[in-house]
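>>> okay, structure incoming, though there's no sequence with it:
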């Protein structure tokens, strides 16, 4: 259980940092580029998890982090569609 929580914390921090950087340098990111941003967040998070020793298998770290970030993006889209 501890490892899953660590993944979530790392993904949240990476997403926050990359999102803040994006907002500083780019005023408005078109919605079509958000999945690409999610993939970047997932890969960076996976690399952090792998190189810090949280996950010993690089492929598993990449898959887990990509699934988490793409799932979060999908949930955010569903919420936005529901609010419209």
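Cool, got the structure. All figures in this text were calculated on a predicted structure; none of them were measured in a lab.
>>> so which residues of the protein form helices?
2-25, 34-51, 58-83 (DSSP state H).
>>> most tightly packed of those?
Highest mean neighbour count among these (mean count of other C-beta atoms under 10 Å): helix 34-51, with a mean of 18. Where C-beta positions appear, they are placed from N, C-alpha and C, glycine not excepted.
>>> show me what it is packed against.
Contact here means 3 or more C-beta pairs under 8 Å, 6 or more residues apart in numbering; DSSP states H and E; on that basis helix 34-51 packs against helix 2-25, helix 58-83.
>>> can you list the helices of the chain in CSV and add mean pLDDT?
Output for those, formatted as CSV (pLDDT from 0 to 100):
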stretch, mean pLDDT
helix 2-25, 79
helix 34-51, 88
helix 58-83, 78
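>>> picking that back up, in CSV, list the helices and strands packed on helix 34-51 along with distance to residue 41.
CSV is the format used below for those (distance: least, C-beta to C-beta, whole Å):
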stretch, distance to residue 41
helix 2-25, 5
helix 58-83, 5
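>>> for residue 48, which non-adjacent residue is closest in space?
In space, and not counting its chain neighbours, residue 48 is closest to residue 10: 5.4 Å by C-beta to C-beta, 6 or more residues apart in numbering.
>>> how close does that neighbour get to residue 17?
From residue 10 over to residue 17 the distance is 11 Å, taken as C-beta to C-beta, to the nearest Å.
>>> closest one to residue 38 among the helices and strands packed on helix 34-51?
For those, proximity to residue 38 was assessed by C-beta to C-beta; helix 58-83 is nearest, at 4.5 Å.
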